[in-house]
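# sequence? don't have it. structure:
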């Protein structure tokens, strides 16, 4: 009498089982790798801005402090994007003839805001507070990277939750003196004074309300 | 069922089966006619006719397609824009709420209140601790007063204006409607007065 299954069906069944178990592990694993990839998080992706604004020129060459334009960083939840009036404050005097400033003048004349492209976007269920961080010695460069060396700003961090928690669980190494918060080149001196005593939340409602 | 078989019959049947098609049971092997009749009746009539509604296969196909499409739709976070002020108000820091001392008038009496405002949008009314009528407390009417200042679910323009595609004239529309209502009330009142007069005259 014949057997219902040919001899190679054993190998096929084993291969199928192996593939199925690999899929059980691989499918969630690939999804986890995907959400952490720079393509999914949007990190390292400079967006096209309405004005050819160069942080290298303003922050590095001219030495303008971060807080001159992003003055909310130490006072508010939002660091803030400067109003057109802040741009005009200087550029009415310098480079006022530059064609690159045309969108700025258009905004200043019409009163319509400039539509900047958001580079660092957190989910709406995350309640991040800039002031809470900068007032406790988290430097701008710690999260935003060397913005003073970027021709067009991109995010250096993934802004994922485990990235936040890495620092919240062990903050001391990431902190700096309060007068060095906006310093892009500051490095901790060896055997420096013990850093500020901070106690960042690691429970859910610390950031999710 | 056919009668008892001899051993040779079984051997012959098994031998034929070994070289022929697969069999499911002994009755199948010996090709029992009564078993064949029963096997035919196993499925109800019309079971082999394709259903005209959504079949199981089509349903599963649609299900997997929608899962795949749903997964393909959420690939990256949406791109957002930031619109700062064009002229920054000197006393506003975006993200920091401001509190104004003001008063709420109800039935001719003013109560002191503190109103919390986010970038110009009032969100919360509390009592003014220094005001004798409030002493820091606020009742339900004061709390609800915030909706009189800014109500996110309030119509931005009247439904009549919207249906006519005239957003800019909405305010005129509201006043027109009020005038029309006033006219209707005046007419009703005149009606009532004349009716009473007639009744009075009939009695006299």
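Structure's in. What do you need? Bear in mind that the values here come from a model prediction, so they are computed numbers and not experimental data.
# and stretch A:166-180, how far from the chain's centre?
Its chain's C-alpha centre and that of stretch A:166-180 lie 16 Å apart, by Cα atoms, centre = their mean, to the nearest Å.
# again, but for stretch A:153-165
5 Å.
# that one vs chain B: in contact?
No: Stretch A:153-165 does not reach chain B (Cβ under 8 Å from any Cβ of the partner chain); its nearest approach is 9.7 Å. For glycine as for every other residue, the C-beta is placed from the backbone atoms N, C-alpha and C.
# next helix or strand past the lowest-mean-pLDDT helix or strand in chain A?
Least confident element among the helices and strands of chain A, by mean pLDDT, DSSP states H and E: helix A:38-41 (a mean of 85). Per DSSP states H and E, the first helix or strand lying C-terminal to helix A:38-41 is helix A:55.
# buried sites along the least confident helix or strand of chain A?
By neighbour count on 16 or more other Cβ atoms under 10 Å in any protein chain shown, the buried set for helix A:38-41 is A:40-41.
# so what's the residue count around residue B:128?
A count of nearby residues for residue B:128, using other Cβ atoms under 10 Å in any protein chain shown, gives 21.
# now the one 4 residues further on
Applying other Cβ under 10 Å, we find 8 other residues in the vicinity of residue B:132.
# how about residue A:141?
20.
# that one should be in a helix, yeah?
Yes: applying DSSP: H, G, I helix; E, B strand; the rest coil, one finds residue A:141 inside a helix.
# residue contacts, it?
Contact analysis of residue A:141 by Cβ atoms under 8 Å, 6 or more residues apart in numbering or on different chains lists A:147, A:183-184, A:186.
# do that again at 6 Å, thanks
residue A:184 (Cβ atoms under 6 Å, 6 or more residues apart in numbering or on different chains).
# now swap in residue A:139 and tell me
Residue A:139 touches A:176, A:181, counting by Cβ under 6 Å, 6+ apart.
# at 10 Å what do you get?
Shown in contact with residue A:139 (Cβ atoms under 10 Å, 6 or more residues apart in numbering or on different chains): A:66, A:133, A:174-178, A:180-184, A:186.
# which parts of stretch A:97-105 are buried?
So for stretch A:97-105, counting by 16+ other Cβ under 10 Å, buried means A:101, A:103-105.
# which helix or strand lies directly C-terminal to the helix or strand of chain B with the lowest mean pLDDT?
Taking mean pLDDT, DSSP H and E as the measure, helix B:159-163 is the helix or strand of chain B with the lowest mean score, a mean of 57. Per DSSP H and E, the first helix or strand lying C-terminal to helix B:159-163 is helix B:170-203.
# distance of the residue positioned nearest the centre of chain B relative to residue B:147?
Nearest to the mean C-alpha position of chain B, counting by Cα atoms, centre = their mean, stands residue B:153 at 15.2 Å. To residue B:147, residue B:153 is 9 Å away according to Cβ to Cβ, to the nearest Å.
# got it, and residue A:128?
Applying Cβ to Cβ, the value for residue A:128 to residue B:147 is 29 Å.
# repeat that for residue B:82.
As judged by Cβ to Cβ, residue B:82 and residue B:147 stand 29 Å apart.
# who has more neighbours, those two?
For the pair residue B:82 and residue B:147, the greater number of neighbours falls to residue B:82 (16 against 13), based on other Cβ under 10 Å.
# beta partners of that one?
Applying DSSP bridges to residue B:82 gives these bridge partners: residue A:116.
# tell me the spacing between the nearest residue to residue A:153 once chain neighbours are set aside and residue A:182.
Leaving aside its sequence neighbours, residue A:153 sits nearest to residue A:119 (Cβ to Cβ, 6 or more residues apart in numbering or on different chains; 5.2 Å). Spatial separation of residue A:119 from residue A:182 under the definition Cβ to Cβ is 18 Å.
# the two: which has the busier surroundings?
residue A:119 (21 against 18).
# let me see the contact set for that one.
A:42-43, A:45-47, A:49, A:144, A:147, A:150, A:152-155, B:79-80, B:82.
# please indicate which of those residues are buried?
A:42-43, A:47, A:144, A:147, A:150, A:152-155, B:82.
# now for those: which two are most distant?
A:43 and B:82 (18.0 Å; Cβ to Cβ).
# mind listing what's buried in the helix or strand encompassing residue B:141?
Take DSSP H and E as the rule and residue B:141 turns out to sit in helix B:140-144. Applying a neighbour-count criterion of 16+ other Cβ under 10 Å, one finds residue B:142 buried in helix B:140-144.
# cool, stretch A:49-64 as well?
A:53, A:55, A:58-60.
# hmm, the longest helix anywhere in chain A touching chain B?
Taking DSSP state H as the criterion, chain A has its longest helix at helix A:9-36. Yes: part of helix A:9-36 sits near chain B under the criterion Cβ under 10 Å from any Cβ of the partner chain, namely A:31, A:34.
# and the average pLDDT for that helix is what?
Here helix A:9-36 scores 93 as its mean pLDDT.
# ok, now stretch A:79-96?
93.
# repeat that for stretch B:38-51.
On average, the pLDDT along stretch B:38-51 is 74.
# repeat for stretch A:144-158
Mean pLDDT, stretch A:144-158: 93.
# for that stretch, measure first residue to last.
11 Å (Cα to Cα, to the nearest Å).
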